[in-house]
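# Below is the sequence, then the predicted model.
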Amino acid sequence: MLIIGIAGGTGCGKTTVVNQIVDRLPEDEVCIISQDSYYNDLSHLTKEERSKVNFDHPNSIDFDLLISHLKQLRKGESIDKPMYSFVEETRLDETVRTHPKKVIIVEGILVLSNPMLRNLFDIKIFVHADSDERLIRRLQRDIRERGHDLEKVLTRYQTAVKPMHQQFIEPSKEFADIIIPNNHYNKVAVDMVRTIINNKLGKPWD
Ligand SMILES: Nc1ncnc2c1ncn2[C@@H]1O[C@H](COP(=O)(O)OP(=O)(O)O)[C@@H](O)[C@H]1O
Ligand SMILES: Nc1ccn([C@@H]2O[C@H](COP(=O)(O)O)[C@@H](O)[C@H]2O)c(=O)n1
């Protein structure tokens, strides 16, 4: 089994890069785990209270559950992966039965900031895009897909996203084996990661 951790600030393109990496890998060989699925269950709070939570601080993530799930997968056991709603800002009641695969990709803003989690990764990747580029992408995505308005995105960016990025995410770059520049789509870097995966697994999928 090969476990790959992919971090980087919001909007840097983690999800996009992961999708490009797995694009031509057989579905039954790869499993993607998003840190977003492991936001703490906030169903005991009102929607108003939830909207004030700092979702960029490591304390907002249930790292214990994420780490124990990864260890289970590594042992060949299946897990019940939580589901998260960005619109409701809490965990859903449903879970997704997830089976161990040869390649496991774990992506999220803070996955390289937690020492116990990053120790589980065979390859550590940091996706970089400039902050202005990330803010533009985040604005477009959150308004289009996550049910937020312009003011909410900008207020959150100033009060939580930017300070937490500077405190926790940017410093985690030093733990990366590979840094992918992603101000523009980076096919060369994606191809290199795919080659590494293929070499490690000894499978000529490309
Ligand atoms: N290299 C890129 N150039 C332009 N837009 C991009 C690029 N990578 C991703 N995007 C777009 O930016 C937005 C955020 O990308 P996403 O992959 O969701 O980032 P992340 O998972 O890091 O938050 C998406 O709308 C995506 O289509
Ligand atoms: N209810 C929530 C939970 C998280 N966020 C933001 O998501 C960002 C991380 O996800 P990416 O896909 O952008 O990496 C993070 O910056 C949180 O602020 C949110 O807006 N609402």
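Thanks, I have it. Numbering: from 1, shown residues only. Ligands and ions are numbered 1, 2, ... in the order given.
# Spell out which residues of the protein are next to ligand 1.
Proximity of the chain to ligand 1, by C-beta under 6 Å from any ligand atom, involves residues 8, 10-16, 137, 141, 182, 184-185. To be clear about C-beta, it is placed using only N, CA and C from the backbone, and glycine gets the same treatment.
# Now do the contacts for the closest residue to L70 other than its chain neighbours.
In space, and not counting its chain neighbours, L70 is closest to L120: 5.2 Å by C-beta to C-beta, 6 or more residues apart in numbering. Residues in contact with L120 (C-beta atoms under 8 Å, 6 or more residues apart in numbering) are I3, G5, I67, L70, K71, R74.
# close enough to count as contact, the first one and V106?
This points to I3. Yes: proximity of I3 to V106 meets the contact threshold set by C-beta atoms under 8 Å, at 6.8 Å.
# quick one: common contacting residues for those two?
L70, F121.
# neighbour count winner among the two?
More neighbours surround V106 than the other of I3 and V106, with 26 against 18 (other C-beta atoms under 10 Å).
# Buried ones in stretch 35-52, by neighbour count?
Q35, D36, S37, Y38, Y39, N40, L42 (16 or more other C-beta atoms under 10 Å).
# Redo those as JSON lines? Include distance to T98 and secondary structure.
As requested, the buried residues of stretch 35-52 are arranged in JSON lines below (distance: C-beta to C-beta, whole Å; DSSP: H, G, I helix; E, B strand; the rest coil):
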{"residue": "Q35", "distance to T98": "14", "secondary structure": "helix"}
{"residue": "D36", "distance to T98": "14", "secondary structure": "helix"}
{"residue": "S37", "distance to T98": "10", "secondary structure": "helix"}
{"residue": "Y38", "distance to T98": "12", "secondary structure": "helix"}
{"residue": "Y39", "distance to T98": "17", "secondary structure": "strand"}
{"residue": "N40", "distance to T98": "19", "secondary structure": "coil"}
{"residue": "L42", "distance to T98": "22", "secondary structure": "coil"}
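# Among the residues of the chain next to ligand 1, which are located in strands?
Using DSSP state E, no member of the residues of the chain next to ligand 1 falls within strands.
# tell me the contacts of F126?
Counted by C-beta under 8 Å, 6+ apart, F126 has contacts I6, A7, G8, L112, S172, K173, F175, A176, I178, I179, I180.
# Send me stretch 111-125 as CSV with only the CA atoms.
What follows is stretch 111-125, C-alpha atoms only, in CSV (Å, rounded to 0.1, in the frame of the first residue of the first chain):
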residue,chain,number,x,y,z
VAL,A,111,-2.7,17.1,6.6
LEU,A,112,1.0,17.9,6.8
SER,A,113,0.6,20.0,9.9
ASN,A,114,-0.2,17.0,12.2
PRO,A,115,3.0,15.0,13.0
MET,A,116,1.2,11.7,13.7
LEU,A,117,-0.8,12.0,10.5
ARG,A,118,2.1,12.9,8.3
ASN,A,119,4.2,10.0,9.7
LEU,A,120,1.7,7.7,8.0
PHE,A,121,2.4,9.1,4.6
ASP,A,122,4.9,7.4,2.2
ILE,A,123,5.0,10.5,0.0
LYS,A,124,4.2,14.1,1.2
ILE,A,125,3.1,16.7,-1.4
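# Okay, and C31 sits in which element?
strand 30-34 (DSSP states H and E).
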